[in-house]
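Novice: sequence first, then the predicted structure, then my questions.
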Amino acid sequence: MRIPFTRLVRPRAALLALWLAVAAALAGVAIAAAGDTAWSPVIYPAQRLPLVFSHAAHLGRGTPCDACHPDAATSRSAVDDLLPTEAACRACHPIDRSQPGRAQPDRMVPGAPPVACRTCHPGYTGGDVARVYLPPPPIKFDHAAHRSAPCATCHGDLRAVDLATTQHLPTMATCLACHRDPAPHLRPRAQVFAMDAPRATPAHAAALARAAHVESPRRMTDCSTCHR
Ligand code: HEC
Ligand code: HEC
Ligand code: HEC
Ligand code: HEC
Ligand code: HEC
Ligand code: HEC
């Protein structure tokens, strides 16, 4: 299944994204994370997301990020696959591989009898299942080093989002806004899944920054810190 984000690969949009990113980096100005030209299709290539899934429906019921992304806090490389397998869904949704075409009941609620495969795998009529694939971004990034940063700082507020896409990955402006002065952006680790964690006091923020071993501002904003 083609996903709409392939439109990001338009050469002119890519060129514009590049110029915006260079201009922002050189001028030190944060560009707003709005419009599909703000994300680089080189750093975040088109993804395949043939899955029916709603972050909103699940977060609205209080399921925390780590129920489905348990390795996000400890991942040491941008190459790691942090997406849930079917096993994470089975914790609440029974799935019976011997009844692929089952259509009833169509309500998808925990404890209910198994639903049709196409409830999650769109258009599935048998045979191979189209797989989800996120190409690893060619960037140096380490979730574990960012354990004191709320998920929402980089991924936005997913409470109104169905499928998360490249549009929910951080722009360079988001990275730099924090790297220039990390302390005010950090939170106690117990609060990183919260969407509206209150700001830490200045003294607490400074302690969090010390604990995170923040390097010099020059090093934190050096191109080679993030780019290969
Ligand atoms: C400082 C920014 C930042 C923070 C904070 C952050 N992430 Fe990420 N996240 C990224 C970047 C950059 C990527 C793309 C590179 C990668 O996959 O590691 C990413 C990718 C992901 C992915 C997709 C990975 C894949 O399989 O390709 C998931 C899932 C994710 N993050 C979940 C989380 C969760 C849950 C939290 C909170 C515990 C979190 N992230 C905190 C920046 C961040
Ligand atoms: C902690 C329990 C839990 C887990 C884990 C879980 N779900 Fe759900 N899911 C629910 C509940 C509860 C609903 C009903 C939501 C509603 O109707 O508001 C639901 C509804 C859905 C629906 C129907 C969505 C809609 O908009 O009505 C789909 C599709 C779905 N889940 C897919 C998944 C997939 C895929 C996974 C695994 C990646 C998963 N779920 C993991 C509890 C869970
Ligand atoms: C509640 C949602 C949900 C339902 C219902 C569901 N799946 Fe999945 N399935 C997933 C998720 C999430 C993945 C992981 C995404 C991926 O690997 O592309 C997955 C992965 C798979 C995979 C590849 C990984 C593996 O385990 O081999 C196959 C094959 C598969 N599903 C078959 C089925 C079949 C057949 C049915 C119907 C009997 C079904 N699924 C019903 C959510 C679901
Ligand atoms: C019930 C399971 C579930 C929960 C809870 C959940 N996610 Fe996800 N997440 C998924 C699935 C399934 C995907 C793959 C489909 C998609 O992209 O939405 C995904 C994808 C992502 C991606 C990859 C986006 C991309 O395409 O590059 C990020 C980032 C992410 N989730 C962050 C979060 C954060 C942050 C939270 C907590 C606020 C969270 N998720 C809670 C199941 C979940
Ligand atoms: C803190 C991490 C970080 C630093 C430091 C950083 N970048 Fe980036 N850069 C990113 C991320 C993440 C992206 C992809 C997201 C986006 O498109 O905004 C990106 C994207 C880019 C792109 C677009 C790439 C393309 O081919 O489409 C260019 C060009 C770029 N950066 C240049 C620079 C330059 C020049 C510097 C040094 C002045 C720099 N960056 C410093 C994180 C960083
Ligand atoms: C909310 C604040 C915040 C944001 C946003 C943020 N960072 Fe960081 N980053 C930090 C802190 C704090 C450190 C120091 C932690 C350490 O080195 O252990 C750091 C360190 C790093 C390092 C070097 C340390 C290491 O061990 O990997 C890299 C590379 C990096 N960040 C990349 C990125 C990229 C790429 C982005 C955007 C995609 C980003 N950061 C966004 C706070 C942030």
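Specialist: Arrived safely. Numbering: from 1, shown residues only. Ligands and ions are numbered 1, 2, ... in the order given.
Novice: number of residues surrounding Ala38?
Specialist: Neighbourhood size, Ala38 [other Cβ atoms under 10 Å]: 19. From N, CA and C alone the C-beta is placed, and that goes for glycine too.
Novice: can you pull the pLDDT of the residue nearest to it when sequence neighbours are not counted?
Specialist: Spatial nearest neighbour of Ala38, chain neighbours left out: Thr171 (5.3 Å); criterion: Cβ to Cβ, 6 or more residues apart in numbering. According to the prediction, Thr171 has pLDDT 95.
Novice: pretty sure Thr171 sits against Ile139.
Specialist: No: at 11.8 Å, Thr171 does not count as touching Ile139 under the criterion of Cβ atoms under 8 Å.
Novice: near ligand 3, which residues of this structure?
Specialist: With Cβ under 6 Å from any ligand atom as the criterion, the chain meets ligand 3 at residues 51, 84-86, 89, 93, 95-97, 100, 115, 117, 119-121, 129, 131-132.
Novice: need the buried ones from these selected in ChimeraX.
Specialist: This is the ChimeraX syntax for the buried subset of the residues of the chain next to ligand 3, where burial follows 16 or more other Cβ atoms under 10 Å:
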select :51,84,89,93,100,115,117,119,120,121,132
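Novice: in helices, which of the residues of the chain next to ligand 3 fall?
Specialist: Mapping the residues of the chain next to ligand 3 onto helices (DSSP state H) picks out 86, 89.
Novice: which among the residues of the chain next to ligand 3 are in contact with ligand 5?
Specialist: Within the residues of the chain next to ligand 3, nothing lies near ligand 5 by Cβ under 6 Å from any ligand atom.
Novice: ok, back up a step: of Thr171 and Ile139, who's got more company?
Specialist: Using other Cβ under 10 Å as the criterion, Thr171 and Ile139 rank with Thr171 on top: 24 against 15.
Novice: how far away is that one from Ala160?
Specialist: From Thr171 across to Ala160, the span is 19 Å (Cβ to Cβ, to the nearest Å).
Novice: go on, Val52?
Specialist: From Val52 to Ala160 the distance is 17 Å (Cβ to Cβ).
Novice: check what pLDDT Thr125 gets.
Specialist: Here, the pLDDT recorded for Thr125 equals 86.
Novice: phi first, then psi, for it.
Specialist: Here is the backbone geometry of Thr125 (degrees, to the nearest 10): phi -130, psi 20.
Novice: buried stuff in stretch 195-209?
Specialist: By 16+ other Cβ under 10 Å, the buried positions in stretch 195-209 come out as 200, 205, 208-209.
Novice: export these as CSV, with columns for distance to ligand 4.
Specialist: Shown next, in CSV, are these (distance: Cβ to the nearest ligand atom, whole Å):
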residue, distance to ligand 4
Ala200, 20
Ala205, 22
Leu208, 19
Ala209, 22
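Novice: let's have these in CSV, adding pLDDT and secondary structure.
Specialist: As requested, those are exported to CSV (pLDDT from 0 to 100; DSSP: H, G, I helix; E, B strand; the rest coil):
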residue, pLDDT, secondary structure
Ala200, 89, coil
Ala205, 92, helix
Leu208, 93, helix
Ala209, 92, helix
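Novice: still on that earlier bit, between Val52 and Ala160, tell me which one has more neighbours.
Specialist: For Val52 versus Ala160, the count of surrounding residues by other Cβ under 10 Å is larger for Val52: 14 against 11.
Novice: looking at this structure, which helix or strand does the model trust least?
Specialist: In the chain, the helix or strand scored least confidently by mean pLDDT, DSSP states H and E is helix 11-27, which has a mean of 42.
Novice: following it, which helix or strand comes up?
Specialist: Once the chain leaves helix 11-27, the next helix or strand it forms, by DSSP states H and E, is helix 55-59.
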